[in-house]
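**Student:** What would the 3D arrangement of this be:
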Amino acid sequence: MKKILLLGGARQQIPSIIAAKKLGFYTVTCDYLPDNPGHRYADEYYNVSTTDKDAVLKLAKKLKIDGIACYASDPSATTAAYVAEKMHLPGNHYESVEILSNKAKYRHFLSQNGFCSPKAEAYSSFEEVKKGLSDFKLPVFVKPVDSSGSKGIALIRDLSGLKKMVETALSFSRAKEVIVEEYVESVSYQIAGDGFSVDGSLLFRCFGNDHFDRSNLSPFVPAAASFPCTAAADIQNKVHSEIQRLLSLLDMKTGAYNFDVRLDDRGNVYLMEVGPRNGGCYIPQVIKYSTGVDMVEYTIKASMGEDCSGLEHKKPNGFWSYYAVHSPATGRLKAINIDEGVNANNVVEKYFCYESGEIIHPYTSSDKKLGVLLMKFASMEEMLDMMDNTADWLRVDVERI
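**Tutor:** Numbers count the residues shown, from 1 in each chain. Predicted coordinates:
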């Protein structure tokens with residue numbers, strides 16, 4: 001029986017473990033959290049951090065694995081590529097994955113190759129950022145170069161609170177480095193979604209619309225993504241073309257990607273993020289509802305060198321979304337109240353991470369979500385209205401402490 005090493009056993013990574021077992025592989029998981037629920041689904045578990053490349057390589061050699069997979073996790077994407085390259089297993093080039101996974105390297109690569117990209121510079125201290133800001137026009141983002149889930153990101157509109165914002169961003173960076181990046185105003189919904197390349201060709205992509213909770217403490221953390229995308233077909237084709245050009249330049253092979261794309265008022269395409277992994281918040285499951293394409297299965301097949309050539313583009317059917325349930329404040333969770341009609345007619349799956357009585361925190365990054373709803377809608381209008389006005393049908397009750 002072929003053996004696969006899956007990096008991580010978090011709740012949202014359970015589908016990848018189940019898919020690997022259904023495909024007939026012996027499953028091994030690893031991370032530094034033994035209580036993660038996914039490990040119960042695997043054949044074996046090892047307490048090894050997914051970001052410790054050499055420790056994971058040592059484990060992989062000991063186990064004599066046939067493939068390694070990173071599912072819905074930015075930090076472990078480079079580890080998977082590193083191990084695959086060292087052991088001559090299926091995967092993408094480590095250097096290319098490192099570029100896609102590091103915001104400073106990624107912005108530099110885009111600029112060097114003629115892509116539309118916001119001006120960005122990397123810094124390793126508050127003093128450097130403060131000095132470097134004279135070269136930028138506010139507002140600008142400050143971001144850890146290597147964090148995930150929007151952790152540590154802040155928008156700098158003026159210099160008040162600058163030190164705290166920079167130090168927070170640095171605290172979320174494993175490399176202890178941040179980028180300062182020009183703010184790109186999007187004229188429409190930010191384009192979200194996932195895609196999949198086979199032998200370097202982007203055979204499948206499913207674009208959607210990012211939704212943000214502007215009342216949130218961190219209004220730049222996506223609260224939902226809805227499908228299909230509202231952008232015109234020619235715009236989507238232009239985005240597809242730019243992504244393909246990026247993948248070709250990086251000599252990417254076979255695997256999944258997660259997208260965040262902005263369009264400015266001149267029609268320019270900004271590939272803000274092309275993550276070399278599946279999207280989080282159960283985006284692959286939403287895409288399966290929308291298109292019938294099982295991105296999880298293809299991800300496992302790719303990591304094991306199985307044939308993925310049967311993949312083809314499928315148009316979305318119906319109207320679907322995920323919504324990340326979140327709290328407006330720190331406190332003790334009292335209840336999550338969903339309108340009865342919405343619960344009966346729109347919610348198709350629920351994944352909750354917290355129970356009543358537990359301490360919860362505001363939605364400053366995706367790891368602070370209370371759970372995820374997968375939803376269906378009767379029309380585009382209903383979908384966009386409900387995702388943009390969630391307070392009309394959902395309320396999180398919190399006891400302040």
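**Student:** what sits against residue 56?
**Tutor:** Taking C-beta atoms under 8 Å, 6 or more residues apart in numbering, we find residue 56 in contact with 5, 7, 30, 48, 49, 50, 68, 79, 82, 83. Bear in mind the C-beta positions are built from the backbone N, C-alpha and C, glycine included.
**Student:** now do residue 222
**Tutor:** 150, 190, 192, 210, 211, 212, 281, 324, 366 are the contacts of residue 222 under C-beta under 8 Å, 6+ apart.
**Student:** circling back: just give me the closest of the contacts of residue 56 to residue 61.
**Tutor:** For these, the residue nearest residue 61 by C-beta to C-beta is residue 83; the value is 8.8 Å.
**Student:** Please state the backbone phi and psi of that closest one?
**Tutor:** Main-chain dihedrals, residue 83, degrees, to the nearest 10: phi -70, psi -40.
**Student:** shaky segments in the stretch 151-300 of the chain?
**Tutor:** The stretch 151-300 of the chain contains residues with pLDDT under 70 at 217.
**Student:** what's the distance between residue 122 and residue 164?
**Tutor:** Look at residue 122 and residue 164: by C-beta to C-beta, to the nearest Å, they are 20 Å apart.
**Student:** the more surrounded of the two?
**Tutor:** Neighbours per residue, other C-beta atoms under 10 Å: of residue 122 and residue 164, the larger number sits with residue 122, 20 against 11.
**Student:** coming back round to it: let me have the contacts of residue 222 in a markdown table, extended by secondary structure.
**Tutor:** Compiled in a markdown table, the contacts of residue 222 are given as follows (DSSP: H, G, I helix; E, B strand; the rest coil):
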| residue | secondary structure |
| --- | --- |
| 150 | coil |
| 190 | coil |
| 192 | strand |
| 210 | strand |
| 211 | strand |
| 212 | strand |
| 281 | coil |
| 324 | strand |
| 366 | helix |
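**Student:** which one among those gets closest to residue 387?
**Tutor:** Nearest to residue 387 among the contacts of residue 222, with distances taken as C-beta to C-beta, is residue 211, at 4.5 Å.
**Student:** ok, now which ones touch that closest one?
**Tutor:** Contacts for residue 211 (C-beta under 8 Å, 6+ apart) come out as 189, 222, 223, 224, 225, 226, 387, 388.
**Student:** Leaving out sequence neighbours, find the closest residue to it.
**Tutor:** Distances taken as C-beta to C-beta, 6 or more residues apart in numbering place residue 224 nearest to residue 211, at 4.1 Å, with adjacent residues excluded.
**Student:** Confirm that the one you found sits in a strand.
**Tutor:** Yes. Residue 224: assigned to a strand according to three-state DSSP.
**Student:** Can you list the strands that the host helix or strand of residue 258 pairs with?
**Tutor:** Here residue 258, judged by DSSP states H and E, is contained in strand 255-263. Strand 255-263 has the following strand partners under DSSP bridges: strand 191-198 (antiparallel), strand 269-275 (antiparallel).
**Student:** Give me the contacts around the helix or strand following the last one.
**Tutor:** For strand 269-275, the following helix or strand on the C-terminal side (DSSP H and E) is helix 283-291. Where contact means C-beta under 8 Å, 6+ apart, the residues beyond helix 283-291 that reach it are 15, 72, 192-194, 206, 208, 225, 227-228, 256, 258, 278, 293-296, 299, 314-318, 320-322, 348-349, 374, 376.
**Student:** let's see 6 Å
**Tutor:** For helix 283-291, contacts defined as C-beta atoms under 6 Å, 6 or more residues apart in numbering pick out 194, 206, 227, 278, 294, 295, 296, 314, 316, 320, 322, 374.
**Student:** Next, work out how far apart the fourth one and residue 245 are.
**Tutor:** With the distance defined as C-beta to C-beta, residue 278 ends up 22 Å from residue 245.
**Student:** who has more neighbours, these two?
**Tutor:** Ranked by neighbour count (other C-beta under 10 Å), residue 278 and residue 245 place residue 278 first, with 29 against 15.
**Student:** surely the more buried one meets residue 73?
**Tutor:** No. The criterion here is C-beta atoms under 6 Å, and residue 278 misses it with residue 73 at 8.8 Å.
**Student:** beta partners of the residue nearest to residue 279 when sequence neighbours are not counted?
**Tutor:** Leaving aside its chain neighbours, residue 279 sits nearest to residue 258 (4.0 Å; criterion: C-beta to C-beta, 6+ apart). Bridge pairing for residue 258 (DSSP bridges) gives the partners residue 194, residue 275.
**Student:** ok, residue 258 - how many residues close by?
**Tutor:** 21.
**Student:** okay but it is in contact with residue 274, surely?
**Tutor:** No. Using C-beta under 6 Å, residue 258 is not in contact with residue 274, being 7.6 Å away.
**Student:** ok, the residue positioned nearest the centre of the chain to residue 55 distance?
**Tutor:** In the chain, the C-alpha nearest the mean C-alpha coordinate belongs to residue 279, at 4.2 Å (C-alpha atoms, centre = their mean). The gap separating residue 279 from residue 55 is 27 Å, by C-beta to C-beta.
**Student:** Repeat that for residue 327.
**Tutor:** 35 Å.
**Student:** Mind checking which of the two has more residues around it?
**Tutor:** residue 327 (21 against 16).
**Student:** ok, what's across the strand from the more buried one?
**Tutor:** residue 362.
**Student:** now the one 4 residues further on
**Tutor:** With DSSP bridges applied, residue 331 shows beta-bridge pairing to residue 360.
**Student:** okay but it is in contact with residue 396, surely?
**Tutor:** No. Applying C-beta under 6 Å, one finds residue 331 not in contact with residue 396, separated by 9.6 Å.
**Student:** For the stretch 1-150 of the chain, just list every one of the strands.
**Tutor:** 3-7, 26-31, 44-47, 67-70, 120-123, 140-144 (DSSP state E, counting those that start in this stretch).
**Student:** quick revisit: please tabulate the contacts of residue 222 in JSON lines, including the columns distance to residue 383.
**Tutor:** Shown next, in JSON lines, are the contacts of residue 222 (distance: C-beta to C-beta, whole Å):
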{"residue": "150", "distance to residue 383": "23"}
{"residue": "190", "distance to residue 383": "16"}
{"residue": "192", "distance to residue 383": "14"}
{"residue": "210", "distance to residue 383": "13"}
{"residue": "211", "distance to residue 383": "10"}
{"residue": "212", "distance to residue 383": "16"}
{"residue": "281", "distance to residue 383": "16"}
{"residue": "324", "distance to residue 383": "16"}
{"residue": "366", "distance to residue 383": "21"}
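**Student:** Fine, thanks again, bye for now.
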